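Asker: Got a sequence here, can you model it:
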Amino acid sequence: MSQKFLLALNIISLVAIIGITANLTNLNNKINNLKTLPNVVIENSAVDDKTNNKQPVQIQKKIVDKNLEITDQGYSPSGVQIYGSQITVVKILNSGQNPHSFIINELDINIDPINAGETAEIVIDREFAESKNYTFYSNAEGDDPQTFTGVLMVLK
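Answerer: Below is the predicted model of the structure:
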C-alpha cells in the first residue's frame, strides 16, 4: 500500500475517534445534568467489573400536588389531569356544608364522606399502561350522581 493511502486511512480513523469522543463527552454531560435535577436519582449505572453485569438505574418519581374542591354544587374543577410517570397527591377540600365522598371504582379509591371544612388526601402511585380517563363521583347521602361527578385524566 502506498504511504498516501495509509496516511488517508489514519486521518479517517482519527476523525472517527474524535467524533466518537465528542459524542461520549456530550452524553456524559447530559447524564451529569440529570443528576442535578430535583427528584431524579441515578445510582449504580456502571458495569460491575467483577461480574461484568450492568447495575440497574434507579429513578425517583416526581411528586405533584393537585387540589380538588367539593362544594354543595359539585366538584371544582370537574376534571383533573395527571401523568402516570409521577406520584400525584390529590388534596380534596370539602368547602360545602354537607359531607361528600370521592370514589373511583376502576382504581379502587373510595374516600368516605369528607365532612364540611375537612380535607382528604389520596396518593396515586401506580404504573398506567396507557392514557385513560377515570370517572370519579360522590355517593354521599343527598348527592346527585349527575352533579357530583368528574374525570381523572391519566396521561402516559
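
Asker: just checking, next helix/strand downstream of the helix or strand containing residue 11?
Answerer: Counting by DSSP states H and E, the element that carries residue 11 is helix 3-36. Later in the chain than helix 3-36, the nearest helix or strand by DSSP H and E is strand 63-71.

Asker: ok, and what's touching that next one?
Answerer: Here strand 63-71 makes contact (Cβ atoms under 8 Å, 6 or more residues apart in numbering) with 39, 75-77, 80, 82-83, 86-96, 100, 102, 114, 138, 148, 150. In this view, the C-beta of every residue, glycine as well, is placed from N, C-alpha and C.

Asker: avg pLDDT for that strand?
Answerer: Strand 63-71 carries an average pLDDT of 94.

Asker: C-terminal to it, what's the next element?
Answerer: strand 74-76.

Asker: Could I get the buried residue list for stretch 104-121?
Answerer: 104, 109, 111, 113, 114, 120 (16 or more other Cβ atoms under 10 Å).

Asker: closest to residue 128 among these?
Answerer: residue 104 (12.8 Å; Cβ to Cβ).

Asker: Am I right that that closest one is in contact with residue 151?
Answerer: No. Residue 104 is not in contact with residue 151 according to Cβ atoms under 8 Å; the separation is 9.9 Å.

Asker: and the buried residues of stretch 104-121 as CSV, adding distance to residue 70?
Answerer: CSV is the format used below for the buried residues of stretch 104-121 (distance: Cβ to Cβ, whole Å):
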residue, distance to residue 70
104, 14
109, 14
111, 10
113, 10
114, 7
120, 9
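
Asker: What about those residues, which are in strands?
Answerer: 104, 109, 111, 113, 114, 120 (DSSP state E).

Asker: and the last one, how far is that from residue 88?
Answerer: Right, the one you point to is residue 120. Taking Cβ to Cβ, to the nearest Å as the measure, residue 120 and residue 88 are separated by 14 Å.

Asker: Show me where the protein dips below the pLDDT cut-off.
Answerer: 1, 5-10, 13-59 (pLDDT under 70).

Asker: Mark out where each domain of the protein begins and ends.
Answerer: 1-60, 63-155 (automatic domain parsing).

Asker: for stretch 88-101, which positions count as buried?
Answerer: Neighbour-count burial for stretch 88-101 [16+ other Cβ under 10 Å]: 88, 90, 92, 93, 94, 96, 98, 99, 100, 101.
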